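**Q** this one's structure only:
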Ligand code: DGT
Ligand code: CA
Ligand code: CA
Ligand code: ZN
C-alpha cells in the first residue's frame, strides 16, 4: 500500500461524505489528511507499523484508525458504509462544472435518478427546472456542462492550457486601460494539469465593462459562460475555460495572491495573518477590529505580493511553491531558492532518431540542437525488446555507433558532441535489454519500463531495484509510466525508489513531455532530502519535441531541484565525466 493508495482512499471518503450529505467539516478532515499523506517524505507503512500515525500533522485518532483498517483489510468501514448509502453513478456528477454536492443530493432525492444521462434527460424535460432553488437557467447550464464533459473531459495538459493562455494574456494586456495583467491559478503554479485558465487584470472600475466586452469577443471564444461586474468566463474553441477577473490597482497584489492559490497555501496565509492581528482576503490585507473582524477601513499598505509575504514574516514564495508542502518553513528562514532557468540547460538528453521511432535522423536532430544553442545531444533510441518502436538489434547498435563516431568527428569543429545512448527496456525481471559487453559500449543508459506497466506492486519494486543496481544504468526514464489524464501510473513506492537511486548515484529523469511530466513534482521534497539527481529530458521524437524542455524546467522548479542536481546543466565535458563515474 503506497502513500498514493492511502490518499486516494481518503479522498474517496471525502467525496462520498459530501454526497451522503454528512457534516462538511468531517468530510474536509479526510481531504486534508489525503493531502498530507501525499506530501509525506517517508512511507505511510512505516507509520502504520511504528504506530506513529497520529504524530503526522492533521491525522487524528479516528482517521488513524481508518488507515490501520485499510492496511489490514484493504478497505475502511467508513467507506463501505458510505458506498452502501451513496449510489454509484452519483459520484460522476461531481465532474459537472457548476453542480455542487448540495444540488446533486437535492436532484437525486427528488427525481430518484443516479446516472448522468438521466440527469441530462431530466434537465431537458423540465423536471430539474421545476425543483425549488434550481430553475430553467440552472437546468440549461447543467446540460451545457454535461455536453462539454462528453466532448472534452475536464482538465487539460499544461501545454494545452498555455496554448490558450498566452494569446489571451497578450490580448488582454494590449487592451486600453488595462494597467496590469497576469496569469494566476494552477497555470501560474506550474501544475501539470489545468482545470481552467485564470487571468487577473487591474483597471479602474469604470473601464471594466469595456475590457470584458473585448475579452468575450476574442477570436478564440466560442461561448460566454458568465459575465459579471468583476468576472467573465468564456469557453474557447479548444474547449478550455478562461476566467478573467478585473480588480482595482490597490487590490491587485492580494487578488493575485488569492487567485494564484493554491487553496491550501491560501488557508495557511490567512491563518498567519490572523495570528498577527490582521486579516487577508482577495481584496487586501487589513487590520482586525477589536471584535476580531476584518476592518476594511484599516488596510495594511502593500504594493506587491512580496510586501504581503513580508508583513506575514515570510520571504517571497515563488508561485510554483505555493502548495503547503514545506514552503512556509523554508521561506521563513531563506530569502530564496536557487531555481532552475531554461537557459541553464546545456544538453539534450533522451532523444530518438529514425533508427527507432523518431522522425528525424541523428544528423537532423543534432543540427536542431546546435540551432537551439545546445552543446550536446544524447541519442537514446529504443532497445531490442521494444520491437513495436523499432528497437535496435545488437548489429544496429554497432552500426549506429559508427554513424555517431563519424558525425562527432565532423561536429567537433562546431564544439558539439553526440553521446551514444540507449533507452533500454527494463525487462520483466528487471534486467536490461543487452548483454554487458554491449551495455558497456554506450556512453549513457536510460532504463525505462515500457511493458508490463500493470505489474503488481512487490514485483514492480523488485524489477526497478534490479535495474537500479545494474552498474550500467545511469538514469531511470519516466518512472511511473503515467500518461496524464489518460493512463494511471504503475504501482510504485516512489519514496523508496528515490532512496535507492540516490544511494546508488543513479538519476531519475524528469520526462519533459507534457503528456508525462514524470517524475512527479510532489516527490521534490523527498528528492531534495536524499540529494537525488535528475535531468530534464524532452524524450524528443521530433525536432520540435526538443522544445518540451520548457515544461520539464517548470516541473523541476516546482519540485525544488536546484541547478546543481540537474545533470544537463553540466557542460558536455562535465556531463561525460559524470557518466563515467
Ligand atoms: P484548477 O483550475 O483546477 O487547475 O486549479 P486552480 O488552483 O487554478 O483553481 P481555481 O481556478 O478553482 O481557482 C483559482 C484560485 O483561486 C485557487 O488556486 C485558489 C483561489 N480559490 C478559489 N476558490 C477558493 C476557495 O474556496 N478558498 C480559497 N482559499 N481559495 C480559493
Ligand atoms: Ca484555474
Ligand atoms: Ca478558475
Ligand atoms: Zn520511453
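**A** Looks like it arrived, so ask away. Only a predicted model underlies this, so the values are computations on that prediction, with no experimental measurement involved. Ligands and ions are numbered 1, 2, ... in the order given.

**Q** elements contacting the one helix or strand in the chain whose mean pLDDT sits lowest?
**A** When the helices and strands of the chain are scored by mean pLDDT, DSSP states H and E, helix 135-152 comes last with a mean of 85. Applying 3 or more C-beta pairs under 8 Å, 6 or more residues apart in numbering; DSSP states H and E, we find helix 135-152 packed against helix 116-125. C-beta coordinates here come from the backbone N, C-alpha and C atoms, glycine included.

**Q** Could you give the average pLDDT over the helix it packs on?
**A** The average pLDDT within helix 116-125 is 95.

**Q** ok, and for that helix, which residues are buried?
**A** Neighbour-count burial for helix 116-125 flags 116, 118-120, 122-123 (criterion: 16 or more other C-beta atoms under 10 Å).

**Q** Could you do stretch 326-333 as well?
**A** 327-328, 330-331.

**Q** In JSON lines, list these along with pLDDT, distance to residue 445 and secondary structure.
**A** Converted to JSON lines, the buried residues of stretch 326-333 look like this (pLDDT from 0 to 100; distance: C-beta to C-beta, whole Å; DSSP: H, G, I helix; E, B strand; the rest coil):
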{"residue": "327", "pLDDT": "98", "distance to residue 445": "36", "secondary structure": "helix"}
{"residue": "328", "pLDDT": "98", "distance to residue 445": "40", "secondary structure": "helix"}
{"residue": "330", "pLDDT": "98", "distance to residue 445": "35", "secondary structure": "helix"}
{"residue": "331", "pLDDT": "98", "distance to residue 445": "38", "secondary structure": "helix"}
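
**Q** now, which of these sits nearest ligand 2?
**A** Taking C-beta to the ion as the measure, ligand 2 lies nearest residue 327 of the buried residues of stretch 326-333, at 19.4 Å.

**Q** where does that closest one sit relative to ligand 3, distance-wise?
**A** Distance of residue 327 to ligand 3, computed by C-beta to the ion, to the nearest Å: 22 Å.

**Q** With residue 182 instead?
**A** Applying C-beta to the ion, the value for residue 182 to ligand 3 is 14 Å.

**Q** Mind checking what secondary structure residue 420 has?
**A** When classified by DSSP: H, G, I helix; E, B strand; the rest coil, residue 420 comes out as strand.

**Q** Touching, it and residue 404? I think so.
**A** Yes - in this structure residue 420 lies within contact range of residue 404 using C-beta atoms under 8 Å: 5.3 Å.

**Q** quick one: common contacting residues for these two?
**A** Shared contacts of residue 420 and residue 404, defined by C-beta atoms under 8 Å, 6 or more residues apart in numbering, comprise residue 379.

**Q** got any ranges where the stretch 151-300 of the chain has weak pLDDT?
**A** Within the stretch 151-300 of the chain, the stretches with pLDDT under 70 are 151-154.

**Q** can I assume residue 104 sits in a helix?
**A** Yes - checked against three-state DSSP, residue 104 lies within a helix.

**Q** Spatially, and excluding backbone neighbours, which residue is closest to it.
**A** residue 93 (4.8 Å; C-beta to C-beta, 6 or more residues apart in numbering).

**Q** Repeat that for residue 182.
**A** Excluding the flanking residues, the one nearest residue 182 by C-beta to C-beta, 6+ apart is residue 200, at 5.8 Å.

**Q** For that neighbour, grab the count of nearby residues.
**A** Residues near residue 200, counting by other C-beta atoms under 10 Å, number 25.

**Q** helices and strands around the helix or strand it falls within, which ones?
**A** Mapping residue 200 onto the secondary structure by DSSP states H and E places it in strand 197-202. Using 3+ C-beta pairs under 8 Å, 6+ apart, the elements in contact with strand 197-202 are helix 158-174, strand 180-184, helix 185-188, strand 241-247, helix 252-260.

**Q** Provide the angle between the direction of the longest one and the direction of strand 180-184.
**A** With axes from the mean of the first three to the mean of the last three C-alpha atoms, to 10 degrees as the criterion, the two stretches helix 158-174 and strand 180-184 enclose an angle of 170 degrees.

**Q** In terms of secondary structure, what does helix 158-174 contact?
**A** Secondary-structure packing of helix 158-174 (3+ C-beta pairs under 8 Å, 6+ apart): strand 180-184, helix 185-188, strand 193-194, strand 197-202, helix 208-216, strand 241-247, helix 549-558.

**Q** re the thing from before, neighbour-wise, which of residue 420 and residue 404 wins?
**A** Taking neighbours as other C-beta under 10 Å, residue 420 and residue 404 compare with residue 404 leading, 22 against 18.

**Q** Next up, the contacts around the residue lying closest to residue 310 once chain neighbours are set aside.
**A** Distances taken as C-beta to C-beta, 6+ apart place residue 316 nearest to residue 310, at 8.0 Å, with adjacent residues excluded. Listed by C-beta under 8 Å, 6+ apart, the contact set of residue 316 reads 305-306, 309-310, 331, 336.

**Q** center of the chain - which residue?
**A** In the chain, the C-alpha closest to the average C-alpha coordinate belongs to residue 192, at a distance of 2.8 Å (C-alpha atoms, centre = their mean).

**Q** For residue 539, see how far away the closest residue to that residue other than its chain neighbours is.
**A** Using C-beta to C-beta, 6+ apart and skipping residues adjacent in sequence, the residue nearest residue 192 is residue 517, 4.5 Å away. For residue 517, the distance to residue 539 (C-beta to C-beta, to the nearest Å) stands at 11 Å.

**Q** Any quick PyMOL command for the buried ones out of the contacts of residue 316?
**A** Here is the PyMOL command that selects the buried residues among the contacts of residue 316 (16+ other C-beta under 10 Å):
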select buried, resi 305+309+331
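
**Q** what would the contacts of residue 316 look like in JSON lines with distance to residue 486?
**A** Compiled in JSON lines, the contacts of residue 316 are given as follows (distance: C-beta to C-beta, whole Å):
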{"residue": "305", "distance to residue 486": "35"}
{"residue": "306", "distance to residue 486": "39"}
{"residue": "309", "distance to residue 486": "37"}
{"residue": "310", "distance to residue 486": "42"}
{"residue": "331", "distance to residue 486": "35"}
{"residue": "336", "distance to residue 486": "36"}
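
**Q** Filter the contacts of residue 316 down to the ones in helices?
**A** For the contacts of residue 316, the ones inside helices are 305-306, 309-310, 331, with DSSP state H as the criterion.

**Q** So which of the residues you listed is the closest to residue 8?
**A** residue 331 (29.8 Å; C-beta to C-beta).

**Q** contacting residues around that closest one?
**A** Residues near residue 331 by C-beta under 8 Å, 6+ apart: 309, 314-317, 321.

**Q** Which members of those residues occur in helices, if any?
**A** When DSSP H defines the helices, the subset of the contacts of residue 331 inside them is residue 309.

**Q** okay, how far is it across stretch 421-430, tip to tip?
**A** Taking C-alpha to C-alpha, to the nearest Å, stretch 421-430 runs 19 Å from one end to the other.

**Q** Mind listing residues that contact the strand holding residue 200?
**A** 161, 164-165, 168-169, 172, 178-188, 211, 240-249, 251-252, 255-256, 259.

**Q** Give me the buried subset of the residues you listed.
**A** By neighbour count, with 16+ other C-beta under 10 Å, those hold 161, 164-165, 168-169, 172, 178, 181-188, 211, 240-248, 251-252, 255-256, 259 as buried.
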